[in-house]
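Student: Sequence and predicted structure below; questions after.
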Amino acid sequence: MTQQLLMIEDDNRLAAMVGDYLRQSGYGFTHAADGRSGLEALDNSDPDLVILDLMLPDIDGLEVCRRIKNRSTQGDKASVAVLMLTAKGDPMDRIIGLEIGADDYLPKPFEPRELLARIRAVLRRGAEVSPSASSTSLHKVMRFGTLDIDRDARVVSVAGAVRELTSYQFDLLVAMAERAGRVLSRDQIMEAVRGRELEAFDRSIDVHMGRIRSAIEVDAKDPKRILTVRGVGYVFARQQD
């Protein structure tokens with residue numbers, strides 16, 4: 001089945017170029033020129049991934065991202081991956097976007113090949129196992145006190161309550177949990193998660209860790225599960241509640 005992409009971008013020339021390239025690469029492609037029409041297209045086409053420009057003429061791109069991510073918590077809409085297009089050299093929008101749930105980002109200008117690589121990585125990380133496979137095999141569930149990490153279903157829950165994470169944040173959590181008790185540098189954590197490498201000195205790994213803590217900790221300001229080791233990185237605690 002062809003995976004469907006929606007691009008919300010007011011630069012029609014750029015969107016046409018990207019659309020031609022992605023269609024040639026085997027994807028379905030839909031374009032919306034502003035946030036309002038993009039949200040309408042989202043409901044009509046139900047894409048696998050949204051390529052979202054943050055500089056839109058009507059609704060702010062960050063607000064569009066927030067609404068896209070809120071869909072999965074309001075009714076039966078499936079979660080949709082979001083790849084943000086940000087202005088080069090503007091880290092604040094990137095950090096805010098990651099904080100509200102974007103799965104990846106790409107600064108403008110970009111090479112179409114890099115965009116394609118990012119799309120493939122995000123979709124690969126978010127791929128779910130088939131229902132038939134999961135029903136005939138035991139789930140690989142890691143349990144740490146009241147925290148359950150179901151690797152097959154890609155679901156995280158605390159005391160039975162499901163917690164929302166992006167696909168990349170889920171992979172980061174799994175990588176940490178699989179190495180519980182080991183102090184890991186940021187480079188080691190990123191290396192453990194197959195996919196793109198974050199830019200040198202990029203602090204977005206800390207943003208993701210903050211989002212994970214908000215989801216799984218009783219008090220994100222006083223974490224007990226993911227601990228910061230100053231000057232080194234992070235450690236996932238073996239003993240938890």
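Tutor: Arrived safely, thanks for sending.

Student: how far away is the residue sitting nearest the centre point of the chain from Asp58?
Tutor: The chain has Asp103 as the residue nearest its centroid, 2.4 Å off, counting by CA atoms, centre = their mean. Noted for Asp103: a distance of 23 Å to Asp58, by CB to CB, to the nearest Å. C-betas here are computed from N, CA, C, even on glycine.

Student: thinking the residue nearest to the centre of the chain is in contact with Thr166, fair?
Tutor: Yes. With contact defined as CB atoms under 8 Å, Asp103 counts as touching Thr166 (4.8 Å).

Student: Need the overlap of contacts for these two.
Tutor: Shared contacts of Asp103 and Thr166, defined by CB atoms under 8 Å, 6 or more residues apart in numbering, comprise Ala81.

Student: Return the set of buried residues in the helix or strand in which Gln188 is found.
Tutor: Gln188 belongs to helix 186-192 when assigned by DSSP states H and E. For helix 186-192, burial by neighbour count (16 or more other CB atoms under 10 Å) applies to 186, 189-190.

Student: what's it in contact with?
Tutor: With contact meaning CB under 8 Å, 6+ apart, helix 186-192 is reached by 172, 175-176, 178-179, 184, 197-198, 205-206, 233-234.

Student: do stretch 220-239 as well
Tutor: Residues contacting stretch 220-239 (CB under 8 Å, 6+ apart): 144, 147, 176-177, 179-186, 188-189, 209-210, 212-214, 216-218, 240-241.

Student: mind listing what's buried in that stretch?
Tutor: So for stretch 220-239, counting by 16+ other CB under 10 Å, buried means 223, 225-226, 233-237.

Student: out of those, who's nearest Val158?
Tutor: For those, the minimum distance to Val158 (CB to CB) is 9.5 Å, reached by Arg225.

Student: What separation do you get for that closest one and Val122?
Tutor: From Arg225 to Val122 the distance is 25 Å (CB to CB).

Student: any idea which strand is longest in the protein?
Tutor: As assigned by DSSP state E, the longest strand anywhere in the chain is strand 81-87.

Student: Great, nothing more from me.
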